[in-house]
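1. this one's sequence-less:
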């Protein structure tokens, strides 16, 4: 099982808000019901389910998906 996440744009180091968004889950038997999640929570879920966490890369510009 894999859990795909990406780092939120507005989250920074030292913020007391969840930093990651779950983009998708591959496999069966896991339903995540939150929009944003903390790294420690991700690691705990992965430890108990045997899932691998996949951190998706961003382009750094935020230009993906925008029309020119």
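-> Sure, I can see it. In this text, all values refer to a predicted model and were calculated from it rather than measured experimentally.
2. Looking at residue 24 now. What's its pLDDT?
-> Among the per-residue scores, residue 24 shows a pLDDT of 74.
3. Just give the closest residue to it, not the sequence neighbours.
-> residue 4 (4.7 Å; Cβ to Cβ, 6 or more residues apart in numbering). Any C-beta I mention is one placed from the backbone N, CA and C, and that applies to glycine too.
4. and the one you found, helix, strand or coil?
-> Following DSSP: H, G, I helix; E, B strand; the rest coil, we place residue 4 in the strand state.
5. ok, now which ones touch residue 50?
-> residue 1 (Cβ atoms under 8 Å, 6 or more residues apart in numbering).
6. ok, now how distant is it from residue 33?
-> Distance, residue 50 to residue 33, using Cβ to Cβ, to the nearest Å: 20 Å.
7. tell me the contacts of the residue nearest to residue 52 when sequence neighbours are not counted?
-> Closest residue to residue 52 apart from its sequence neighbours, by Cβ to Cβ, 6+ apart: residue 2 at 5.0 Å. Contact analysis of residue 2 by Cβ under 8 Å, 6+ apart lists 25, 26, 27, 51, 52, 53, 54.
8. ditto for residue 6
-> By Cβ under 8 Å, 6+ apart, the residues touching residue 6 are 20, 21, 23, 55, 56, 58.
9. doesn't residue 48 fall inside a helix?
-> Yes. Per three-state DSSP, residue 48 lies within a helix segment.
10. how close does residue 58 get to residue 33?
-> Distance from residue 58 to residue 33, by Cβ to Cβ: 24 Å.
11. can you list contacts of the helix or strand bottoming out on mean pLDDT in the chain?
-> Least confident helix or strand, the chain: strand 20-26 with a mean of 75, by mean pLDDT, DSSP states H and E. Applying Cβ under 8 Å, 6+ apart, the external contacts of strand 20-26 come out as 1-8, 11, 31-32, 34-39, 42, 51, 56.
12. Just the buried positions in it, please.
-> For strand 20-26, burial by neighbour count (16 or more other Cβ atoms under 10 Å) applies to 20, 21, 22, 25.
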